[in-house]
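Peer 1: Okay, sequence plus prediction incoming.
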Amino acid sequence: MKNVYLYPITARNKTGIVNPYVDNLRDALKKHYNVVNADKPSKSGIFEILIYLRKIDIIYLNWIEELPGLHRGVLQSIFFIIVLRYIKCSRIKIVWTLHNKRSHFNRHQFIKSILYSQMLKKSDLIVTHAEEGLNHIPDKTPGAFIHHPLRSLDTPPLNNELFKYDIIIWGTISPYKGIDRFLKFLHEKGIIHNYKILIAGKVVSDTLAEKLQQFLTEYENLTLINEFIVETELISMIKKSKLVLFTYQSDSVLSSGALMDSLSYGATIIGPETGAFRDLSKIGLIETFNDFQDLMVKIDMLLKASKDNIDRQERIQRFYKDNSWHGFSKKIVCLFDQYNL
């Protein structure tokens, strides 16, 4: 059984909120490989890899290009670039998941671009969860598109009396997600009163929080829950909302865990015409928009189309059969065998 080092598996932060993707990936890999750091969260970031270099056959990286923004991030980045040269001279193979076209965040762009470039050139396999991601992988580097797996599948409510909100926008509330620009558009068009909107998630920017608060003060039909939402509460909020909306207008977005979680919760979803959103739209699982004008036409259509929403749930059921985490683990084994990893 081959030994795999998976990054990042880190000590929990004070909030206890973590991205479930890595935990699910770890459990999927453990079905077929020995994940050497599976039960050993790191307190020292990528520095920890030194402990395992002589033991591992594969290093499986996620969001490594975001290193500069972490604690001691620039130092971690320089260390990793140096270690990467050693790894390429060894028998260790490198697998990298290309989650985004580039970082969503502007700080440390220079060193982030170096890391991104290094991963494109030196990975032995690049996995992407959006077909568009294949366009960013060099011809000489093996790449594979696999849909982001679904954790589970839930059944949505079909009784309109259960709905409290027309739209829910959820997740970490960051500037790149465009929520304030969406509300400004509704305000300028004079239609913001037409929709009951819930924004659920921690606002990470004080400036953004102030912008949102201006809208909240003026409009009673807007609700903001400015905190991390535990999953049980989130599912309840989504089930009380007719639509899940992703207002991203960033050109950095490829795939989205929040998108796939919303799909697994049985939500009716609309998001931007890019990356994984476009992939799911092509097979009839979600709707996409090109600009806010287009978005409002799609929102009004979805709010009225209960029959179409039922049909969509049937397509989601079929999608799940081929794209669970269990199925993903089998696809990874096939890829590792195909490329002799």
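Peer 2: Thanks, I have the structure now. Residues are numbered from 1 along each chain as shown.
Peer 1: ranges for the helices of this structure?
Peer 2: 20-30, 73-88, 109-122, 179-189, 206-218, 231-239, 257-264, 275-282, 292-304, 306-322, 325-338 (DSSP state H).
Peer 1: Would you mark the buried spots in the third one?
Peer 2: Same thing as helix 109-122. Neighbour counts using 16 or more other Cβ atoms under 10 Å place 111-112, 114-116, 118-120 of helix 109-122 among the buried residues. Every residue, glycine included, has its C-beta placed from N, CA and C.
Peer 1: got it, and the second one?
Peer 2: Across helix 73-88, burial judged by 16+ other Cβ under 10 Å covers 73, 76-77, 79-80, 83-84, 87.
Peer 1: Tell me where the model's unsure across the stretch 1-150 of the chain.
Peer 2: 11-18 (pLDDT under 70).
Peer 1: separation between the nearest residue to I146 once chain neighbours are set aside and P149?
Peer 2: Nearest non-adjacent residue to I146, counting by Cβ to Cβ, 6 or more residues apart in numbering: K331, 5.5 Å away. As for K331, its distance to P149 is 9 Å (criterion: Cβ to Cβ, to the nearest Å).
Peer 1: Name the residue in those two with the higher neighbour count.
Peer 2: P149 (22 against 17; other Cβ atoms under 10 Å).
Peer 1: For the more buried one, grab phi and psi.
Peer 2: The phi and psi values for P149, taken as degrees, to the nearest 10, are phi -70, psi 150.
Peer 1: That one and I332 touch, don't they?
Peer 2: No: the pair P149 and I332 fails to qualify as a contact (Cβ atoms under 8 Å) at a distance of 10.3 Å.
Peer 1: Surely F336 touches Y60?
Peer 2: No: using Cβ under 8 Å, F336 is not in contact with Y60, being 9.9 Å away.
Peer 1: between the two, which one's more packed in?
Peer 2: The residue with more neighbours, out of F336 and Y60, is Y60; 25 against 22, by other Cβ under 10 Å.
Peer 1: so what's that one bridging to?
Peer 2: L6, V95 (DSSP bridges).
Peer 1: residues in contact with it?
Peer 2: If you count contacts by Cβ atoms under 8 Å, 6 or more residues apart in numbering, Y60 has them with 4-7, 25, 29, 95-97.
Peer 1: and L335, how far is that from E65?
Peer 2: Distance from L335 to E65, by Cβ to Cβ: 21 Å.
Peer 1: These two: which has the busier surroundings?
Peer 2: Set L335 next to E65 and count neighbours by other Cβ under 10 Å: E65 wins out with 25 against 17.
Peer 1: how close does the more buried one sit to P138?
Peer 2: For E65, the distance to P138 - Cβ to Cβ - is 15 Å.
Peer 1: same deal with F105?
Peer 2: In terms of Cβ to Cβ, F105 sits 25 Å off from P138.
Peer 1: Which residue of those two possesses the greater neighbour count?
Peer 2: Under the criterion of other Cβ under 10 Å, the comparison of F105 against P138 puts F105 first, with 16 against 12.
Peer 1: Got phi/psi on that one?
Peer 2: phi -110, psi 140.
Peer 1: Tell me the spatial nearest neighbour of it, not counting adjacent residues.
Peer 2: Nearest one to F105, counting by Cβ to Cβ, 6+ apart, is G69 at 6.1 Å.
Peer 1: For the one you found, the count of nearby residues, please.
Peer 2: G69 has 18 nearby residues by other Cβ under 10 Å.
Peer 1: burial measure for the residue nearest to I269 when sequence neighbours are not counted, as a count.
Peer 2: Distances taken as Cβ to Cβ, 6+ apart place I286 nearest to I269, at 4.1 Å, with adjacent residues excluded. Number of residues near I286 (other Cβ under 10 Å) recorded here: 25.
Peer 1: How about F228?
Peer 2: 14.
Peer 1: pretty sure it contacts V204?
Peer 2: No: contact criterion Cβ under 8 Å: F228 and V204 do not qualify, at 10.8 Å.
Peer 1: hmm, who's touching stretch 102-116?
Peer 2: 64-69, 73-74, 77, 80-81, 174, 176, 250, 252-253.
Peer 1: Just the terminal-to-terminal distance for it.
Peer 2: Length of stretch 102-116, first residue to last, Cα to Cα, to the nearest Å: 8 Å.
Peer 1: Quick check: closest non-adjacent residue to D57.
Peer 2: In space, D57 is closest to K2, 4.3 Å off (Cβ to Cβ, 6+ apart).
Peer 1: One more: W170?
Peer 2: Nearest to W170 is A200, by Cβ to Cβ, 6+ apart, at 4.4 Å.
Peer 1: From the buried residues of helix 109-122, pick the one nearest L216.
Peer 2: Closest approach between these and L216, by Cβ to Cβ: K112, at 33.5 Å.
Peer 1: circling back: residues in contact with the residue nearest to F105?
Peer 2: With the criterion set at Cβ under 8 Å, 6+ apart, G69 makes contact with 103, 105, 107-108, 112.
Peer 1: Throw the residues you listed into CSV and include distance to L280, thanks.
Peer 2: Listed next are the contacts of G69 as CSV, based on distance: Cβ to Cβ, whole Å:
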residue, distance to L280
S103, 23
F105, 25
R107, 31
H108, 31
K112, 27
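Peer 1: out of the residues you listed, which one sits closest to F277?
Peer 2: F277 lies nearest to S103 out of the contacts of G69, by Cβ to Cβ, at 18.9 Å.
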